[in-house]
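> Below is the structure, and that's it, no one-letter string:
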């Protein structure tokens, strides 16, 4: 067997709170397409970042053609022979395709600081031709479709070949997440073409895709490589278990605490809601105490929809109603007044004001509950916040401490407490409430969601993984290309399988 | 559409409106006036454009023009000293401007201070340098040859206007064919992504600031030669006018969009407006306010498609 092009040995990376990589080992052989599969949070993105020099691993080795390398930056990784097609694209929107393909490595196309456009276009064309991409190298990048830009990204990565005089390793980070099915087919054909020029690492959380394109697949779970298999030789259910882990999910998600809501009245009704260019005529109901999971890939419109429910985006048509009363929110403020709560995905940026104390963060949206006229009633604030901090078991030295000093899980509990303070929380929208939390903290957040559900709060959940969606929800609404593609009940007794939902997502 | 064709259409509409309202406006003499009076603004706005393309801002124009203006007055034959460097004086003053620009660039990239603050500080330094050079006695250029050359007419336009036209052409070439120009656009498009591709962002930002500084220096020289003497107020009010011109022309403050040609269209809009308002009898006192309204309106129109309910604007 030939020497592997890329050999990763026992790579480890720890962040303050969590272990992102706990020992990843895999190898990529020449002209091979290797699949890396794992749930969200399995460590895929940290792994990729360390392979292109964006993250410095704490320990372990990365070997390229037998030589250990220490990658300092994306540009450095490129000159060593590893290039990445980023999930959230990395092209400069306002300049030409040719400039993007050769950016930072124009070589003879720029002499003495002077651009030779014809040469630049010619060199870019060479890269585009490798994958048979018909985009004009002189087109301005933001006039292209998403799929076209992705091809340009691939062409850009292939330009590494000329620089290193060796075939590159191309990392594809969740390349299908924003493509429609036709575009995915084209991409798969490109990957077949690509392997004549390069070795490919295809990263995805979609089993079916990985099975289709990869020669060999590694499974990542909790920051570790837990298995290696060849597609077609392993049972899919077995792989599912490998990805998700064997340990029982029920107790982790407090499934026994899932209350029966079938007899409860509808609290939130979403009727034909459209958002310009994002989603189209979405309708669903959420009963009192019901947890409705919104599932969908990136670009399915579920994120934008959840923000729209909270008044943070403008509806182009349709409306929402609460207990039969039609509401048109012009701002999150109006939504809050109607009893809505929202936990955003970006906790540090959107979920909390890092420079303020725990108490100030908790009372932020309902400051009037702790005010006498225009004046803040500090003792009352302390009393109320202390009460909630104890109820939710937020581990904090004091409620006067800065919220930034808490661990992620405790921050998230404080963020949730914010919506419970007012006492009349009716609808709670949770956008990735457990993102970036460790296992124990996740379980506590799940428990809190169950508690809220038991007090009749209608909950819309955008979970981090399918597993989480299924376990936590009473019902799963699947979205695809801005439309509801399926509505799947998920009672405790008969939870649907991830595959059932996955099928409707793509 | 609005971004590409809006400003030229606005220029055309203004010219048409003023031509109808004022018979004086639609004369050849006035057209030459407009072009002559646009020359200094055109030179500094071309410089500013490269900084705006980066997504940065430059508020040092007045200080740099003052310092360069006084230096050129003191280095040409004048009433204060016996120095007369001739053409070298002009080179030196432009080089001084470039040094101020270099300082702008180094301060904002190496110390990571927003260009808004560094350039404001550098402007104050420039005014300070100019005030020291001024020294209480206004330096007056004593050799008439310089002013005669500069204000001398060719084809009915002053030579300074041709200097400005030359700067514009060179500016377009730099923007289109050089790494400084292209990378300014790249950095303005997505600075983080440019850095990911190995572009030396700090270096090219600094170069753009330096180029801009040199052109502000040239602007200061032009004003000083027109006036025949060096004054600290050589660039007074020019910073706001240049930003107005660039933005009105379609060079966005957010960076990456627009360019030299757009900015020059903006310069013409601003100049035609000032000229036309006087000719139709609007008091010069309200002109400043009109200019202010126009810049706010232009920014509002160009950023209209980017509005979002939850977008945080600081």
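Sure, I can see it. Keep in mind that what you see is a predicted model, and the values were worked out from it rather than measured.
> Find the nearest non-adjacent residue to residue 10, please.
This is for chain A. Leaving aside its chain neighbours, residue A:10 sits nearest to residue A:60 (4.4 Å; criterion: CB to CB, 6 or more residues apart in numbering or on different chains). Heads up, the C-betas are built off the backbone N, CA and C, glycines and all.
> Hmm, no, I was thinking of chain B.
Taking CB to CB, 6+ apart as the measure, residue B:10 lies nearest to residue B:269, with 6.0 Å between them; neighbours along the chain are not counted.
> List the residues that contact residue B:238.
Residues near residue B:238 by CB atoms under 8 Å, 6 or more residues apart in numbering or on different chains: B:40, B:41, B:44, B:61, B:62, B:65, B:219.
> could you measure it against residue B:94, distance?
Going from residue B:238 to residue B:94 by CB to CB, to the nearest Å gives 16 Å.
> For residue A:270, which three-state class applies?
Under the three-state scheme (DSSP: H, G, I helix; E, B strand; the rest coil), residue A:270 adopts strand.
> Local confidence estimate at it?
Residue A:270 is assigned a pLDDT of 92 by the prediction.
> Let me see the contact set for it.
Taking CB under 8 Å, 6+ apart as the test, what residue A:270 contacts is A:282, A:283, A:284, A:285, A:286, A:309, A:318, A:320.
> of all of chain B, which residue lies closest to chain A?
residue B:198 (2.7 Å; CB to the nearest CB).
> how about the nearest residue to that residue once chain neighbours are set aside, what does it touch?
Closest residue in space to residue B:198, ignoring its immediate chain neighbours: residue A:75 at 2.7 Å, by CB to CB, 6+ apart. The neighbourhood of residue A:75, defined by CB under 8 Å, 6+ apart, consists of A:104, B:196, B:197, B:198.
> Which of the helices or strands spans residue A:75?
Assigned by DSSP states H and E, residue A:75 falls within helix A:74-80.
> Can you list the buried residues in that helix?
Along helix A:74-80, these residues count as buried under the neighbour rule (16 or more other CB atoms under 10 Å in any protein chain shown): A:74, A:75, A:77, A:78, A:80.
> Spit out the contact partners of residue 164.
Answering for chain A, as no chain was given. With contacts defined as CB under 8 Å, 6+ apart, residue A:164 is in contact with A:79, A:80, A:81.
> hmm, I had chain B in mind actually
The contact partners of residue B:164, taken as CB under 8 Å, 6+ apart, are B:38, B:39, B:40, B:42, B:43, B:222.
> okay, those in CSV with secondary structure and pLDDT next?
Formatted as CSV, the entries for those read as follows, by DSSP: H, G, I helix; E, B strand; the rest coil; pLDDT from 0 to 100:
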residue, secondary structure, pLDDT
B:38, helix, 93
B:39, helix, 94
B:40, helix, 95
B:42, helix, 96
B:43, helix, 96
B:222, helix, 93
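> Considering the residues you listed, which possesses the most neighbours?
With neighbours set by other CB atoms under 10 Å in any protein chain shown, the maximum within the contacts of residue B:164 is found at residue B:43, which has 29 neighbours.
> Residue B:217 is in contact with that one, correct?
No. Counting by CB atoms under 8 Å, residue B:43 does not reach residue B:217; the two are 9.7 Å apart.
> What is the neighbour count of residue A:396?
Applying the criterion other CB under 10 Å, we find 20 residues in the vicinity of residue A:396.
> Next up, phi/psi of the nearest residue to residue A:151 once chain neighbours are set aside, please.
Closest residue in space to residue A:151, ignoring its immediate chain neighbours: residue A:133 at 4.4 Å, by CB to CB, 6+ apart. Backbone torsions for residue A:133, taken as degrees, to the nearest 10, come to phi -90, psi 130.
> For residue A:133, give its distance to residue A:195.
Applying CB to CB, one obtains 16 Å for the distance of residue A:133 from residue A:195.
> now swap in residue A:101 and tell me
Counting by CB to CB, the gap from residue A:101 to residue A:195 is 20 Å.
> that older thread, the residue nearest to residue A:10 touches residue A:7, doesn't it?
No. Under the criterion of CB under 8 Å, residue A:60 makes no contact with residue A:7, lying 10.8 Å away.
> And those two? Which one has more around it.
Neighbours per residue, other CB under 10 Å: of residue A:60 and residue A:7, the larger number sits with residue A:7, 19 against 16.
> Show me what that one bridges to in the sheet.
Each beta-bridge partner of residue A:7 is listed here, defined by DSSP bridges: residue A:27, residue A:63.
> Look up how far chain B lies from it.
When distances are taken as CB to the nearest CB, to the nearest Å, residue A:7 and chain B turn out to be 25 Å apart.
> which residues in chain B form helices?
Listed in chain order, the helices found in chain B under DSSP state H are B:2-21, B:28-53, B:61-75, B:87-110, B:115-134, B:144-151, B:159-177, B:179-189, B:191-196, B:201-227, B:238-249, B:260-279, B:284-303.
> ranking these by burial, who's on top?
The highest mean neighbour count among the helices of chain B belongs to helix B:61-75 (a mean of 30), with neighbours defined as mean count of other CB atoms under 10 Å in any protein chain shown.
> and that one, what's its mean pLDDT?
Per-residue pLDDT values across helix B:61-75 average out to 93.
> angle of that helix against helix B:115-134?
In terms of direction (axes from the mean of the first three to the mean of the last three CA atoms, to 10 degrees), helix B:61-75 departs from helix B:115-134 by 30 degrees.
> distance between helix B:61-75 and the chain's centre?
Its chain's C-alpha centre and that of helix B:61-75 lie 15 Å apart, by CA atoms, centre = their mean, to the nearest Å.
> can you check stretch A:97-108 too?
In terms of CA atoms, centre = their mean, the centre of stretch A:97-108 is found 30 Å from the chain centre.
> Stretch A:415-426 too?
Mean-position distance between stretch A:415-426 and its chain equals 26 Å (CA atoms, centre = their mean).
> For it, which residues meet the burial criterion?
In stretch A:415-426, counting by 16+ other CB under 10 Å, buried: A:415, A:416, A:417, A:418, A:419, A:420, A:421, A:422, A:425, A:426.
> again, but for stretch A:23-42
In stretch A:23-42, counting by 16+ other CB under 10 Å, buried: A:24, A:26-29, A:31-42.
> Filter those down to just the ones in helices.
Helix and strand membership here follows DSSP H; of the buried residues of stretch A:23-42, not one is in helices.
> Show me where the chain dips below the pLDDT cut-off.
By default, I'm working from chain A. A:1-2, A:16-18, A:40-41, A:88, A:177-180, A:236-237, A:240, A:244-250, A:438-439 (pLDDT under 70).
> should've been chain B
Going by pLDDT under 70, which is the cut-off in play, chain B has low-confidence ranges at B:1-3, B:302-314.
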